[in-house]
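Q: Structure, please.
(chains A and B)
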Protein chains: 2
Amino acid sequence: MTRRKRVVSVVGATGLVGSEIVRQLLRQHFPLASLLLFASPNSQIQKVPLAGKWVEVKPFKLDLLRRSEICFLAAGGAFSRRYARRIASLGNVVIDNSSAFRMHHDVPLVVPEVNPQDLSWHRGLIANPNCSTIQMVVALAPLHRKWHLRRIVVATYQAVSGAGTRAVAELTIQTSAILEGNEVRSRVFPHQIGFNVIPHIDDFDSSGWTREESKMLNETRKILDDNEIEVIATTARVPVFRGHSEAIYAEFEKEITPDEARCELRSAPGVIVMDDFRRNVYPTPVLCSGKEGTYVGRIRAVPGSKCGICMWVVSDNILKGAALNAVQIAQHLIRSHA
Amino acid sequence: MTRRKRVVSVVGATGLVGSEIVRQLLRQHFPLASLLLFASPNSQIQKVPLAGKWVEVKPFKLDLLRRSEICFLAAGGAFSRRYARRIASLGNVVIDNSSAFRMHHDVPLVVPEVNPQDLSWHRGLIANPNCSTIQMVVALAPLHRKWHLRRIVVATYQAVSGAGTRAVAELTIQTSAILEGNEVRSRVFPHQIGFNVIPHIDDFDSSGWTREESKMLNETRKILDDNEIEVIATTARVPVFRGHSEAIYAEFEKEITPDEARCELRSAPGVIVMDDFRRNVYPTPVLCSGKEGTYVGRIRAVPGSKCGICMWVVSDNILKGAALNAVQIAQHLIRSHA
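A: As a prediction, the model looks like this:
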């Protein structure tokens, strides 16, 4: 592909991630010839405001994707499983935000700061990784290159927006109800999320791990192209609107100090070191919400483990964790690949 | 001591922990000859409702403690450092909820289910451990005895009530303000806590660890009487009123399976196994708030580590994490020691 303008489509354009993809395409000055927006196949025609104009969001029909060159899918796993390859076969490069194809051997799973080289072997379908995985690998890949990761123990503090607009509404409604002394009903989450923590994201497998936790293991291995890295994850939902936080303990093959890690991370793409504990400076979801970077703080040595360090990593799960990473994949494609 | 009734005093009786100690003394049917309640030295006389009567809370004066036999201190570290030993020298057994004496060699640090034997060597002063440490050792000590703990990597999700009544008010006020679109001010916490996560509890030391994190290492070693156990902790505050959660990865000397761990924990004192992921059963702060037990769920094997398991541990930080544990210490004393 060259720098000429492209016809771009977004399916799921009224959702939390889809609408953010549209915003990011404009914000990042993506060279758009035209932008086709679609909602689910059974939806009504809607109009959404876009750069001062009202733009139509049509119900999805495969045939309407013939004109499109790059297609972003943000309509869920079932939709992607059904349509992603068919959209690709119409001549689109499909960038899929769902988990449907992430572990397929013929589908690159890409974080542009980490493994842009994997874009070279795509066959029309590229997977956008899981939000929790993206920010973790952005923060750890620069250290992995130099010190070689062996093991990660991570606990996540994930925002409700990762579960979509209905989840955001549920946190708001429950929180108001609790403050007013009213009863709480849970429809989106399996338990009350208002003023609570739920250690359960996505489904459980038969051994009691959640798919969200397994994703952090499997996707990290695929992105870093290293099947020996251990990732022991506990993923939990917290009553936060936007911004995932991660408490990470990382163990490397070689000895590492916090100063060395900080120095390496300061020049790492996409990483912002926010680490001055003496002045209470470290990232929090509220500080990092709406920001593009992956923020790293609380980098500290582990007594008794010269090869281990701890850190606290926060990023906006809808931006770098989803929409921004997808748009960055497309930017890389048009910059460097045919 | 025998089973005769005691004169008991509580200093800090109007605080979150102090008032809960009073409630627990009544609820656990502690044999009270009389109950003397004190607030800070400069306070006014207040009256609080107690078992249907109004009871006076007096400003603290050392001299008024002469009649008391067992004294609970819940008035902060500075107060304890100044008065704990002097109250003990008046003939009281002092049970101190602050961190002031926890690591002193002549002061037992006791979780009655775990190390009741340490009550035998007290010299008038007994320390109540940190909330996060208590629930972690209640859940891990039974496994430690059989499989021998080597290392714990833990991330906490701590409720605001651990920081006192003003912190509870701050979460309520900030949450309302945010829902109404108003500005947020932080007075108790270093950053906004409403819909946020703050990876910072207690002060930082010079190496970037918080004292809360160091407590989890040092207190665990003292309670389990094993200075080789490694505890790598990240402690974070979440917008939850009551109930601390902990994502724990524990590594043992011997091979352990989730079934073996569950079986051992089912008969462990103070532990309630709440672990049936197929039916979305696992502990959350809302479920465990107001309950006496330490709840353990999401017990799972770690691929690639036969000696490691993960678990999710939740307990009410004001009950087992503070007031209840303190009252249980007193109950043990009058049951078993002279």
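Q: Roughly how far does A:N218 sit from chain B?
A: Applying CB to the nearest CB, to the nearest Å, the value for A:N218 to chain B is 11 Å. (C-beta placed from N, C-alpha, C; glycine too.)
Q: which stretches of the stretch 51-200 of chain A form helices?
A: Here the stretch 51-200 of chain A has its helices, by DSSP state H, counting those that start in this stretch, at A:77-89, A:131-147, A:165-179.
Q: out of the ones you listed, deepest packed?
A: Neighbour counts (mean count of other CB atoms under 10 Å in any protein chain shown) averaged over each of the helices of the stretch 51-200 of chain A peak at helix A:131-147, with a mean of 24.
Q: all strands for the stretch 201-338 of chain A, in order.
A: A:230-237, A:244-252, A:271-273, A:294-302, A:305-315 (DSSP state E, counting those that start in this stretch).
Q: In JSON lines, list those strands along with mean pLDDT.
A: Listed next are these as JSON lines, based on pLDDT from 0 to 100:
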{"stretch": "strand A:230-237", "mean pLDDT": "98"}
{"stretch": "strand A:244-252", "mean pLDDT": "98"}
{"stretch": "strand A:271-273", "mean pLDDT": "98"}
{"stretch": "strand A:294-302", "mean pLDDT": "98"}
{"stretch": "strand A:305-315", "mean pLDDT": "97"}
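Q: can you tell me which residues contact the closest residue to A:P108 other than its chain neighbours?
A: Closest residue to A:P108 apart from its sequence neighbours, by CB to CB, 6 or more residues apart in numbering or on different chains: A:D118 at 3.9 Å. A:D118 is in contact with A:108-110, counting by CB atoms under 8 Å, 6 or more residues apart in numbering or on different chains.
Q: Select, out of the helices of the stretch 51-200 of chain A, the one closest to chain B.
A: Chain B lies closest to helix A:165-179 among these, at 5.9 Å (CB to the nearest CB).
Q: Please put the alpha-carbon coordinates of that closest one into CSV.
A: As requested, the backbone C-alpha atoms of helix A:165-179 are provided in CSV (Å, rounded to 0.1, in the frame of the first residue of the first chain):
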residue,chain,number,x,y,z
THR,A,165,-21.7,0.8,26.8
ARG,A,166,-24.3,-1.3,28.8
ALA,A,167,-21.6,-2.0,31.4
VAL,A,168,-20.8,1.7,31.8
ALA,A,169,-24.5,2.4,32.3
GLU,A,170,-24.7,-0.4,34.9
LEU,A,171,-21.9,1.1,37.0
THR,A,172,-23.6,4.5,36.9
ILE,A,173,-27.0,3.2,37.7
GLN,A,174,-25.8,0.9,40.5
THR,A,175,-23.7,3.6,42.0
SER,A,176,-26.6,6.1,42.1
ALA,A,177,-28.9,3.4,43.5
ILE,A,178,-26.4,2.5,46.3
LEU,A,179,-25.8,6.2,47.3
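Q: per-residue confidence for the residue of chain A positioned farthest from its centre?
A: No residue in chain A sits farther from the centre than A:G181, which is 35.4 Å out by CA atoms, centre = their mean. Note on A:G181: pLDDT of 96.
Q: Show the backbone phi and psi for the closest residue to A:R6 other than its chain neighbours.
A: Spatially, and ignoring its direct neighbours in sequence, A:R6 is nearest to A:E69 (4.7 Å; CB to CB, 6+ apart). Note on A:E69: backbone dihedrals following degrees, to the nearest 10 are phi -110, psi -40.
Q: where's A:E69 relative to chain B, distance?
A: A:E69 is 39 Å from chain B, by CB to the nearest CB.
Q: need the contact list for that residue.
A: Neighbouring residues of A:E69 by CB under 8 Å, 6+ apart: A:6-8, A:91-93.
Q: of those, buried ones?
A: A:6-8, A:92-93 (16 or more other CB atoms under 10 Å in any protein chain shown).
Q: tell me which strands and helices the lowest-mean-pLDDT helix or strand in chain A is in contact with?
A: Using mean pLDDT, DSSP states H and E, the weakest-scoring helix or strand in chain A turns out to be strand A:46-50, at a mean of 86. Under the contact criterion of 3 or more CB pairs under 8 Å, 6 or more residues apart in numbering or on different chains; DSSP states H and E, strand A:46-50 touches helix A:16-27, strand A:32-39, strand A:53-59.
Q: closest to chain B out of those?
A: Nearest of those to chain B, taken as CB to the nearest CB: helix A:16-27 at 16.3 Å.
Q: rewinding a little: hey, which of the helices and strands packed on strand A:46-50 is tucked in deepest?
A: Sort the helices and strands packed on strand A:46-50 by mean neighbour count, taking mean count of other CB under 10 Å, and helix A:16-27 sits at the top with a mean of 22.
Q: so for that helix, what's the average pLDDT?
A: Averaged over helix A:16-27, pLDDT sits at 96.
Q: so who does the spatially closest residue to A:T14 that is not a sequence neighbour touch?
A: In this structure, A:T14 finds its nearest non-sequential neighbour in A:A39, 5.1 Å apart by CB to CB, 6+ apart. By CB under 8 Å, 6+ apart, the contact list for A:A39 reads A:11-14, A:46, A:57-60, A:75.
Q: ditto for A:L26
A: Applying CB under 8 Å, 6+ apart, we find A:L26 in contact with A:50-51.
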